[in-house]
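Engineer: After the sequence you'll find the predicted model.
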Amino acid sequence: MTKRIAIPDLSLVALVGVTGSGKSSFAREHFAATQILSSDAFRAMVADDENDQSATSDAFDALHYVAGTRLRAGRLTVVDATHVQRDDRAKLVTLAREHDVLPVAVVLDVPLGTLRERNKGHRDLPEHVIRRQHDALRRSIRHLAKEGFRKVHVLSPEDSVSIEYERAYNDKRELTGPFDIIGDVHGCHAELVSLLTKLGYVVSPDTAYHPEGRTAVFVGDLVDRGPDTPGVLRLVMGMVNAGNALCVSGNHEHKLVRALGGKNVKVSHGLAESLAQLSEESEEFRTAAREFMYGLVSHYRLDGGQLVVAHAGLKEEYHGRASARVRSFCLYGETSGETDEYGLPVRYPWADDYRGAATVVYGHTPVPEAEWVNNTICLDTGCVFGGALTAMRWPAKELVSVPAERMYYEPAKPLETPTRAPDVLRIDDVLGARHVDTRLMGKLKIREENAAGALEVMSRFAIAPQWLPYLPPTMAPCATSTMDGMLEHPREAFNAYRSDGVPAVVCEEKHMGSRAVVVLCRDQEVGRRRFGALDGAAGAVYTRTGRAFFHERNGFLDRLRAAANAADLWSTLDSDWVVLDAELLPWSAKADELLKRQYAPVGAAATSALPAAISALEQATARGVDLTGLLAEQRSRLSNARGYVAAYGRYCWPVDGLEGISLAPFTVLAAEGQVHATKPRDWHSALLDRFVAADPALLRSTRRLRVDLADEASVAAGIDWWTELTEAGGEGMVVKPAEPVAGKLVQPGVKCRGREYLRIVYGPDYTEPRHLDRLRQRSLGRKRSLALREYALGIESLSRFVAAEPLWRVHEPVFAVLALESEPVDPRL
Amino acid sequence: MLVSITTTHQPATDLGYLLHKHPDRAQRFEVSTGTAHVFYPEASAQRCTATLLLDVDPIGLVRKAGNTLGQYVNDRPYAASSLLAVAIGKVFGTALRGRCDARPELAETPIPLEIHLPCCPSALAERLFTPLGWTVAVTSQQLDPSFADWGESPYADLRLTGTLRLSDALAQLYVLLPVLDDGKHYWVVADEIDKLLRVGANWLATHPDRELITTRYLAHQGRYAAEALERLTELDDRPAEDAEHAEPPARERSLAQQRRATIVDELRAIGAHRVVDMGCGEGKLLHELVAEPTFTEIVGVEVAAGQLRSAARQVERFADRQRERVSLHQGSVSYADPRIADFDAIVLSEVVEHIDLPRLPALAATVFGAAAPRHVLVTTPNSEYNVRWESLPAGHLRHPDHRFEWTRAELGSWADDICATHGYDVRHVPIGPVDPEVGSPTQLAVFTRRAA
């Protein structure tokens, strides 16, 4: 006959049987080869001989290590070893508990006679060994359950077996809702009815349903303290029985069940009220309520695993697991064993460390307002203490609440906003080789050594990560021009975009200053709420490596805020904060040291050495020595040197406080609810022109020209525009697709730098044909690839920030940009 | 870049014989960094000038593997430097060695000379050339006439006049141009010592700045410089400068040593066994901790990958038993780190002042909040003491990377906040000599977690 044996789909299965009882064949028949860890195979692995008994200890070390690794990843694992000794089995039970999975024993109980026969000509163990193993097994069978195996299946040789996998009680991943998750009710029946009504449920005394088929999910603590625990139980039980609701157990249900079952429990924390109220109910109701509460599961995984509901929350490694400590965590949270000044347990802030992808919704700890912490949220807003009863709609993540009608129970300690430390980032959020998932380019690899390099820069020089939702990407230059005297020319940029299928581009003047990202909040309250500022800051201005531009509050942000108010950016963007990409001028404001130590000395050296050389050559030539070639060369070099000095000089002027400082914003990166960076360029210009007009003394606009790439006249106009711009001393221009390009990732912009400007980059004499020919052999592939990857990471971090994802999720791609910047690339590009 | 050599010794055109270059011809020589041209702007019996113009290939210079200059925009094509010295050695090599078959006596005779270097690093020019018998005229220049507030250029127009043998003049230029510039465009190897001693044979041993010259010429490679100086001392009856200080006064332990000693004492006193040195740098404190068996687990954490590598090399030299007690990893006070949770003590020695003030709450959150050791030891400068250091200009910080320096009251108030927020008590300990008015140069705060 076929015997069905049930095995939880996440369990550690120990096969138990004497040598030769057919464990390996059984395993092969019923499990995948990769699920089976056999002691023989591990002996062979560590000692080249599967029968080498001296290797047993090492073999089991390795086996347990692999088993642990599999269980941590949530994979069913079968251990094929004799397991006739209690000590050997105990190790497996411990291993299962360590990983919060259920240990299962499958015993192959084969008569001694059969075993003796099988031993002959096979392993040929001494007969007493077989007998001893058999005796040990027979003695063990009835103790297995006591040893901790949650299921024990004893099979005889004639059984034919089929395995049925059991899903865990907490696995409701197939339910996709939509859900309304409801916080701690604590007997507040009236508020529960109001909330359900507000959520759209049709409520009757003993059940409720939603006309659109939504499901309510209760986070537990339905009972105790409040005025009508029986009423709440009746309603929720009715909803659960009708399939309109799910409910996890809270610690108060757990204790109430014990009290109702006659266990000796301390009657405190509102238990007395429940007991009194229930004593007025029928015995039948009390029994039903007790059974209902007894049967409550401690957590649920819902909606494909994206949503986890547990009364006190749940750390990621416990999701979907089953053990006493998982249940205890669900009911009580992680406590440090200490108590605070009010005698309440001190809770370990597990949510601060939470890095899981699943959203965890819970209650248990009353908070004045439901707040997101790393993709987790507590819905207990202290209704019974006079707060509110709160629900969250899933998947919309929208909060709905009703205020308490009154305070029903005096809280043990006042409800106040916990002074939460700034979101703490963890070292393993950034270090090591990483793959950052981006919506534009999929997984991007960050090399370990690059992350190591970025750690120092980020830790020692960058502003607080809360203010750093973005770091600007590097930008590739256009392909190298072959035109006479030119290294870069707009025609190359136009050609490249045309061949990428871009119909129109916008040429934007490139300001030569220092790249600046501006985070601007409408007021300090926005800074606190949206950026977690604890010091009253309402914005930040930082460089491309995340350093602060100004170390004192100098009124810069106030001026920008006034301009934003005047231009009414806030209502246009429907946001009370904005992130801008900009250039801060003059160059000398930030690069003063670099200019004095490197750029100016080169100019000073050139303009003193070359005239002396020319004058010596002129004298010699006058004597009739033929040096005409050399003289012409030196004259040309002097003119190059003067061009070089003039080039850097254009980007330097004195500043005094904000006097002389100028900001040229060119892209609105993001604001509440939306990443704007990918919008058409016209949209940015129109909005930013308005902003600039509000404070033209501080802000400067970006000149631009639209070029239709199919129209040769328009292309020619673009080239003329660039020529004029750069001949007048401009750095050059950036060419960007005028509208977003659908379905294809193209460079978000390429730069075409001016001929004179490039002297600062490639040296004064780079324009000499003999130099230019060599410089043209520059390779742009790596720079282009880097520019795209950094762009994808920038859009990623902004998207995550806009979606109000946890700080570590926003910081991950920001850090990755900095890490990529330490990849070696020709800095002149 | 160029150098001009003029003589008024008559007939001045004999300079052509001395230099082995004909005054009526322009000659060119390929050198490793470009092309050297020699020509004569004037050549009369009264006055004759030879000019060596080195036309450096700026792009080749940067592209060449192993160059030690590294910058794409640099002054090397213009300023007198080791490049010019090498060209002198190559183009005027025979003259430099003092050989002249056509005018052997003239080569041995000091003649009136004028050397012109229109663009030369000038800071040490007078100091180095005057002792050799030159009259030195330095005409300094502005860094950029359009930006007067940027100050003076590091290069000046340099004219040397004197009566010397031409070979000595060339030898001095050969040695002193790289010294003035304090840089070499090539990697210095041991045979540079011989070259220096050979070329400087007639004048270097008695030069009052021979240590400076030797050190700089040998690109600050201490081992080479020591060997060269030893050999120079034998050529001169003047003792080496080191010998003058043969018996230095018994020096007190440096402040850094005292700091480490106090930290170790305090750790011992509070009974810490498992200790984290946060910001361990190259591992100096680790070295002292590992010498004490009472510290059974020592963790060094450092944010800078390069320093961490140095610390790892240090640890590799420990005995096996010691090494087993030490581990190192990269980390940062801005990021919470589970690897340093629950230790007896975390040491933050000279760390906080390298962190921007607005970032200190994150340090408090990661160290006192997340890692939560039983004790935290924080050392930091006491800014009140700075007035006792005469070499430190008023208002200046002790190190360019210090973001702030605290008075005792400022550290005290930060510490009190930490204690209130994170449940610690604090005790303050001075490190270094205690001045009745301004306290000690370093301050130590020992935090102890309050019992629950």
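Structural biologist: Received it, and whenever you're ready, just let me know what you need.

Engineer: tally of neighbours for the closest residue to chain B within the stretch 51-200 of chain A?
Structural biologist: Using CB to the nearest CB, the single residue of the stretch 51-200 of chain A nearest to chain B is residue A:72, 16.2 Å away. All C-beta spots, glycine's among them, are computed from the backbone N, C-alpha and C. Neighbouring residues of residue A:72 were enumerated by other CB atoms under 10 Å in any protein chain shown; the total is 13.

Engineer: Near chain B, which residues of the stretch 601-750 of chain A? Just list them.
Structural biologist: Within reach of chain B by CB under 8 Å from any CB of the partner chain, the stretch 601-750 of chain A has these residues: A:601-606, A:608-613, A:615-617, A:619-620, A:623-627, A:630, A:633, A:645, A:649, A:652, A:654.

Engineer: Drop anything exposed from the residues you listed.
Structural biologist: Using 16 or more other CB atoms under 10 Å in any protein chain shown as the burial test, these include A:601-606, A:608-613, A:616-617, A:619-620, A:625, A:627, A:630, A:633, A:645, A:649, A:652 as buried.

Engineer: Those residues in helices, which ones?
Structural biologist: In helices, defined here by DSSP state H, the members of these are A:601-606, A:608-613, A:616-617, A:619-620, A:630, A:633, A:645, A:649.

Engineer: Close to chain A: what parts of the stretch 201-350 of chain B are there?
Structural biologist: B:303-305, B:330-339.

Engineer: Would you reformat the residues you listed as TSV and include pLDDT?
Structural biologist: What follows is those, written out as TSV (pLDDT from 0 to 100):
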residue	pLDDT
B:303	93
B:304	91
B:305	89
B:330	94
B:331	94
B:332	93
B:333	91
B:334	89
B:335	92
B:336	91
B:337	92
B:338	89
B:339	92
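
Engineer: With secondary structure and distance to residue A:820 added, can I get these in a markdown table?
Structural biologist: Output for these, formatted as a markdown table (DSSP: H, G, I helix; E, B strand; the rest coil; distance: CB to CB, whole Å):
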| residue | secondary structure | distance to residue A:820 |
| --- | --- | --- |
| B:303 | coil | 19 |
| B:304 | coil | 19 |
| B:305 | helix | 16 |
| B:330 | strand | 18 |
| B:331 | coil | 21 |
| B:332 | coil | 19 |
| B:333 | coil | 24 |
| B:334 | coil | 20 |
| B:335 | coil | 19 |
| B:336 | strand | 24 |
| B:337 | coil | 24 |
| B:338 | helix | 26 |
| B:339 | helix | 26 |
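
Engineer: Among those, which one sits closest to residue A:773?
Structural biologist: Using CB to CB, residue B:305 comes nearest to residue A:773 of those, at 39.1 Å.

Engineer: Wait, that closest one touches residue A:451, no?
Structural biologist: No: if you go by CB atoms under 8 Å, residue B:305 and residue A:451 don't touch, sitting 9.8 Å apart.

Engineer: The two - which one has more neighbours?
Structural biologist: Between residue B:305 and residue A:451, counted using other CB under 10 Å, the more crowded position is residue A:451 (23 against 15).

Engineer: The more buried one: helix or strand, and which one exactly?
Structural biologist: For residue A:451, the enclosing helix or strand under DSSP states H and E is helix A:448-461.

Engineer: Can I get the helix or strand following that helix as PDB, trimmed to CA atoms?
Structural biologist: Next along the chain after helix A:448-461, taking DSSP H and E as the criterion, comes helix A:490-499. Only the C-alpha atoms of helix A:490-499 are listed here, as PDB (Å, rounded to 0.1, in the frame of the first residue of the first chain):
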ATOM      1  CA  PRO A 490      30.000  69.700 -32.400                       C
ATOM      2  CA  ARG A 491      29.600  67.800 -35.700                       C
ATOM      3  CA  GLU A 492      30.800  64.700 -34.000                       C
ATOM      4  CA  ALA A 493      28.200  65.000 -31.300                       C
ATOM      5  CA  PHE A 494      25.400  65.700 -33.800                       C
ATOM      6  CA  ASN A 495      26.500  62.700 -35.900                       C
ATOM      7  CA  ALA A 496      26.500  60.400 -32.900                       C
ATOM      8  CA  TYR A 497      23.000  61.300 -31.800                       C
ATOM      9  CA  ARG A 498      21.700  61.200 -35.400                       C
ATOM     10  CA  SER A 499      23.000  57.600 -35.700                       C
END
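
Engineer: Skipping adjacent residues, who's closest to the closest residue to chain A within the stretch 251-400 of chain B in space?
Structural biologist: The nearest approach of the stretch 251-400 of chain B to chain A comes at residue B:332, 3.8 Å away (CB to the nearest CB). Among residues not flanking residue B:332 along the chain, residue A:459 sits closest, at 3.8 Å (CB to CB, 6 or more residues apart in numbering or on different chains).

Engineer: lowest confidence element among the helices and strands of chain B?
Structural biologist: Least confident element among the helices and strands of chain B, by mean pLDDT, DSSP states H and E: helix B:241-244 (a mean of 40).

Engineer: pull the CA atoms of the helix or strand following that helix into CSV?
Structural biologist: Note on helix B:241-244: by DSSP H and E, the next helix or strand toward the C-terminus is helix B:255-269. C-alpha atoms of helix B:255-269 as CSV (Å, rounded to 0.1, in the frame of the first residue of the first chain):
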residue,chain,number,x,y,z
LEU,B,255,53.1,63.5,22.9
ALA,B,256,52.0,60.7,20.7
GLN,B,257,53.9,58.2,22.8
GLN,B,258,52.4,59.6,26.0
ARG,B,259,49.0,59.4,24.4
ARG,B,260,49.4,55.8,23.6
ALA,B,261,50.8,55.0,27.0
THR,B,262,47.9,56.7,28.7
ILE,B,263,45.4,54.8,26.6
VAL,B,264,47.0,51.5,27.4
ASP,B,265,47.1,52.4,31.1
GLU,B,266,43.4,53.4,31.1
LEU,B,267,42.4,50.3,29.2
ARG,B,268,44.2,48.1,31.7
ALA,B,269,42.7,50.1,34.6
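
Engineer: contacting residues around helix B:255-269?
Structural biologist: Helix B:255-269 is contacted from outside by B:253, B:275, B:284-285, B:288-289, B:292, B:294-295, B:345, B:347, B:349-350, B:375, B:377, B:379, B:429, B:431-432, B:441-442, B:444, B:446, using CB atoms under 8 Å, 6 or more residues apart in numbering or on different chains.

Engineer: can you pull the buried residues of that helix?
Structural biologist: Neighbour-count burial for helix B:255-269, counted by 16+ other CB under 10 Å, picks out B:258, B:259, B:260, B:262, B:263, B:264, B:266, B:267.
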